[in-house]
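Trainee: Structural data only, the sequence is not supplied:
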């Protein structure tokens, strides 16, 4: 249920970190670690499962909003998490053929 602003003693600006303020340029982070960083915690800080769920809820949309400033890496293990980091000039440019490029339409009727 919405509450009137007058019910609160203080309100604060809704400011979030930019990736360059949050990440070390040579490090990659999981979504839970990003959630901790957004709250001013160390990436490996111990938090209870309920708190971690809230941190993840905050981190996912933040990553989506800042996707152009970030890079993503495949999990280190088959069942591991993905990793995200700050895009830098040192990162290789994406290879247009690496993802298969744009697929040509199939020739369904057999004509060339």
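Mentor: Everything's here; your move. All values derive from a computational prediction rather than experimental measurement.
Trainee: Show me what the helix ranked longest in the chain is packed up against.
Mentor: Criterion DSSP state H: the longest helix present in the chain is helix 49-65. Here helix 49-65 touches helix 31-38, going by 3 or more C-beta pairs under 8 Å, 6 or more residues apart in numbering; DSSP states H and E. To be clear about C-beta, it is placed using only N, CA and C from the backbone, and glycine gets the same treatment.
Trainee: Okay, buried residues for the helix it packs on please.
Mentor: 31, 32, 33, 34, 35, 36, 37, 38 (16 or more other C-beta atoms under 10 Å).
Trainee: cool, and stretch 44-61?
Mentor: Neighbour-count burial for stretch 44-61 [16+ other C-beta under 10 Å]: 52, 55, 59.
Trainee: could the buried residues of helix 31-38 go into CSV alongside distance to residue 11?
Mentor: As requested, the buried residues of helix 31-38 are exported to CSV (distance: C-beta to C-beta, whole Å):
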residue, distance to residue 11
31, 28
32, 28
33, 28
34, 25
35, 23
36, 24
37, 24
38, 19
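Trainee: Flag the shaky bits of this structure, pLDDT-wise.
Mentor: Applying pLDDT under 70 to the chain flags residues 93-112.
Trainee: Would you state the strands of it in chain order?
Mentor: For the chain, the strands defined by DSSP state E occupy 70-73, 83-86.
Trainee: deepest of those, which one?
Mentor: Among the strands of the chain, the stretch with the highest mean neighbour count (mean count of other C-beta atoms under 10 Å) is strand 83-86, at a mean of 20.
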